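> Please work out how this folds:
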Amino acid sequence: MTHFEREIREQPEVLAKLLQSEHVRVVADALRDRAPRSIITLARGSSDNAVTFFSYLAAQTLGLPVASLPPSLLTVYAAPMRAEDTVAVGVSQSGESSDVVGGLLSLRRSGAVVVALSNDPDSSLVDAADYTLLQGAGRERAVAASKTFSSQLLLLSLLVAHWGQDDALLGALEAVPEAMTGFLDGSQDDLKHLALRLTHASSCYVLGRGLSYGSALETALKLKETCYLHAEAYSSAEFQHGPIAAVSPSDPVLMLALQDRTEASNTAAAYKLRAASADLSVVSSSPTLRDDATAAVSLPAGLHPATQAFVMVLAGQLLALHLATAKGLNPDAPRHLNKVTKTM
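Residues are numbered from 1 along each chain as shown. This next block holds a predicted model:
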């Protein structure tokens with residue numbers, strides 16, 4: 001078994017342990033008392049995909065604008081920022097992404113309250129923060145993130161749930177480990193079939209919307225990293241504002257769709273894609289979307305959208321694993337990549 005597969009399978013246990021911690025509630029209470037007017041995020045790679053999910057969840061739950069700031073604005077251009085009444089959240093599993101660390105320090109000097117989220121308690125990112133959230137995922141040997149990504153996702157979601165005192169969201173997050181375990185224990189034949197259909201593809205599109213957009217970004221990244229597939233992620237709405245013109249029958253399109261308020265718009269987008277003769281595959285619990293696709297992977301129905309989003313991330317990881325296996329690639333050590341990447 002590869003490290004990548006082993007770490008994918010460790011996720012329910014890692015997340016169950018995170019749910020037992022009370023520290024997230026303490027940090028959330030402190031941030032609520034400060035009554036900030038906005039949230040800024042700084043992250044790279046998979047961590048940036050985690051904060052994309054966070055931005056949708058936090059804006060919906062807390063009613064605050066959330067913006068992802070390019071670190072280079074602070075570390076390369078030294079742009080002055082007025083960050084009073086702002087919470088800045090820096091996310092890096094290693095805690096050593098130099099542009100994230102440097103950007104967070106800059107925002108702190110500009111008056112922001114700084115929260116660091118890392119898997120390393122002794123990292124530079126932790127030293128730069130007012131508040132720290134530790135992932136506790138253990139060492140991750142595969143270069144491609146799995147358990148460090150989902151632990152970031154859960155910590156950020158718990159921060160939102162406690163900050164917003166949202167019991168329904170908290171209950172949905174508490175259901176995540178069991179939902180992921182159920183999906184891991186179930187048949188993966190549909191995912192393996194989908195992987196085989198992508199074996200000879202040189203590129204594909206991955207679509208999501210709302211809470212599934214971060215999942216789409218992360219799935220596309222995993223397909224790039226482990227399978228060397230040119231996978232581009234888009235919002236299913238944004239995709240219709242130009243990129244759909246490039247779709248041909250030979251281009252696979254993978255849609256990750258939740259059964260929430262985005263279902264109707266995703267269904268409309270799927271109809272347009274099929275009318276354009278797109279090779280559309282769907283990962284969803286929606287029978288309507290699955291029935292209209294060339295290939296489909298069923299997600300468990302009846303779950304809160306936040307719970308389902310975690311299962312969707314897991315499906316994307318497993319798809320990348322199965323595709324890498326089918327192509328004879330080692331997902332543990334992608335070419336040109338290191339576990340820790342330092343940029344400015």
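> Quick check: phi and psi at residue 40.
phi -120, psi 140 (degrees, to the nearest 10).
> Give me the number of neighbouring residues for it.
23 (other CB atoms under 10 Å). The C-beta positions use only the backbone N, C-alpha and C, and glycine is treated the same way.
> Where does residue 39 fall, secondary structure wise?
strand 38-43 (DSSP states H and E).
> Give me the mean pLDDT for that strand.
For strand 38-43, mean pLDDT rounds to 98.
> then the helix or strand just after that strand to CSV, C-alphas only?
On the C-terminal side of strand 38-43, the closest following helix or strand by DSSP H and E is helix 45-62. Extracted C-alpha coordinates of helix 45-62, given in CSV (Å, rounded to 0.1, in the frame of the first residue of the first chain):
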residue,chain,number,x,y,z
GLY,A,45,-1.6,24.9,-2.8
SER,A,46,-3.9,22.5,-1.0
SER,A,47,-4.1,24.9,1.9
ASP,A,48,-5.5,27.6,-0.4
ASN,A,49,-8.2,25.1,-1.5
ALA,A,50,-9.1,24.6,2.1
VAL,A,51,-9.6,28.3,2.7
THR,A,52,-11.7,28.5,-0.5
PHE,A,53,-14.1,26.2,1.3
PHE,A,54,-13.7,28.2,4.5
SER,A,55,-14.6,31.5,2.6
TYR,A,56,-17.9,30.1,1.5
LEU,A,57,-18.8,28.6,4.8
ALA,A,58,-17.7,31.6,6.9
ALA,A,59,-19.4,34.1,4.7
GLN,A,60,-22.7,32.2,4.9
THR,A,61,-22.5,31.5,8.6
LEU,A,62,-20.9,34.6,10.0
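> hang on, the earlier thing: for the strand holding residue 39, packing partners?
Applying 3 or more CB pairs under 8 Å, 6 or more residues apart in numbering; DSSP states H and E, we find strand 38-43 packed against helix 45-62, strand 66-68, strand 86-91, helix 98-109.
> Out of those, the one nearest residue 333 is which?
helix 45-62 (16.4 Å; CB to CB).
> ok, residues contacting the strand holding residue 39?
Identification of contacts with strand 38-43 by CB atoms under 8 Å, 6 or more residues apart in numbering yields 48, 50-51, 54-55, 58, 62, 64-69, 71, 83, 85-92, 97, 99-100, 103-104, 107, 112.
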